[in-house]
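Trainee: Here's my sequence, what's the structure:
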Amino acid sequence: MIKEIAGIIDDFHKGVSPSGYNYEITKDLNSSYKKNNYGAFFYALGHLDLFDFYEIGVLEGYALINYALGNYFATSKITGIDLFEDYEFNSCSHSKVSEQLIRCGVSKKITLIKSNGLTYLKQNEGKIDKVRSGLHLDVSNHGQIIEEFAPYISKFSAIIFEGGSNARDKVAWMEKYNKSSLRSALYSFSETYGFNMINLKPFPSLTLCFKQ
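Mentor: Below you'll find the predicted structure:
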């Protein structure tokens, strides 16, 4: 896994888009990832087909759709979990995301579940084959969020966290609400649970934690 992931990280840093990736498909979806074209990274990761894939924090589906497009001809299970219109901050309705899945041709690849992400993990403890699964966690991440999720995500073979850079720790809402450092929490998490950790710095940044 390390060799494959290192390859797509290297391409991302070089600005090399994977074969078959089409920026235009998801260019109109709301996502902080879009400016620095993280869609290409998620597409390439999906194409590797390393594991079943879970995403907690879907918003309009930018990362999830690009992952599914890259994974289009594989048989991996792809699941998106979100509160959708019930989330009090930046959100998108379940119906609108479903429409985007249809528009992008991945509605049969992705299962959408309306749920609080942590509640979903607790209710499905023992039902998810975490050793053979990857997770993308993007839920207004900050230090306390990582601490709350840690016991329920530590057995996933790979975890992708939105954020993790110094710049991401200093965004306005983190400072306004006095949220604890995400970067520090991710270092502690990876050390405690034996993950390798790599941070992609282009804003909003992205942190990969994975096991050999």
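Trainee: going forward, measure contacts between C-alpha atoms and count neighbours the same way
Mentor: Noted.
Trainee: Give me the residues contacting stretch 104-121.
Mentor: By C-alpha atoms under 8 Å, 6 or more residues apart in numbering, the residues outside stretch 104-121 that reach it are 25-26, 56-57, 65, 68-69, 72, 77-84, 94, 98, 101, 149, 152.
Trainee: Straight-line length of it, end to end?
Mentor: End-to-end distance for stretch 104-121: 28 Å, by C-alpha to C-alpha, to the nearest Å.
Trainee: And for stretch 45-57?
Mentor: In stretch 45-57, first residue to last residue: 18 Å (C-alpha to C-alpha).
Trainee: Report the beta-bridge partner residues of Ile56.
Mentor: Counting by DSSP bridges, Ile56 forms beta bridges with Ile81, Leu137.
Trainee: and it, what does it touch?
Mentor: Contacts of Ile56 by C-alpha under 8 Å, 6+ apart are Gly80, Ile81, Asp82, Gly117, Leu135, His136, Leu137, Asp138, Val139.
Trainee: Next, work out how far apart it and Asn116 are.
Mentor: Applying C-alpha to C-alpha to Ile56 and Asn116 gives a distance of 8 Å.
Trainee: tell me the pLDDT at Met197?
Mentor: pLDDT recorded at Met197 is 95.
Trainee: what sits up against stretch 138-147?
Mentor: Here stretch 138-147 makes contact (C-alpha under 8 Å, 6+ apart) with 55-58, 161-163, 169, 174, 179-186, 189.
Trainee: who's sitting farthest from the centroid in this protein?
Mentor: Distance from the centre of the chain peaks at Lys176, with 24.5 Å (C-alpha atoms, centre = their mean).
Trainee: Would you map the strands across this protein?
Mentor: With strands called from DSSP state E, the chain shows them at 52-56, 78-82, 110-114, 133-137, 158-162, 196-200, 206-210.
Trainee: In CSV, please show the C-alpha coordinates belonging to the fifth one.
Mentor: What follows is the C-alpha trace of strand 158-162 in CSV, where atoms were taken according to Å, rounded to 0.1, in the frame of the first residue of the first chain:
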residue,chain,number,x,y,z
ALA,A,158,-6.0,3.9,5.8
ILE,A,159,-7.6,7.2,6.9
ILE,A,160,-7.7,10.5,5.0
PHE,A,161,-8.3,13.5,7.2
GLU,A,162,-9.2,16.9,5.9
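Trainee: What are the contacting residues of that strand?
Mentor: Contacts of strand 158-162 from elsewhere in the structure, counted by C-alpha under 8 Å, 6+ apart, are 133-138, 141, 153, 204-211.
Trainee: Specify which member of those is nearest to Lys34.
Mentor: Checking the contacts of strand 158-162 against Lys34 by C-alpha to C-alpha gives Pro204 as the nearest, at 9.6 Å.
Trainee: List the contacts of the closest one.
Mentor: With contact set as C-alpha under 8 Å, 6+ apart, Pro204 has these partners: Ser32, Tyr33, Glu162, Gly163, Ser165, Ala167, Arg168.
Trainee: And the contacts of stretch 138-147, which of them are buried?
Mentor: Listed as buried from those are 55-58, 161-163, 169, 174, 179-183, 185-186, 189; burial here means 16 or more other C-alpha atoms under 10 Å.
Trainee: what's the first-to-last distance across stretch 8-28?
Mentor: For stretch 8-28, the end-to-end distance is 24 Å (C-alpha to C-alpha).
Trainee: That concludes my questions; thank you for your assistance.
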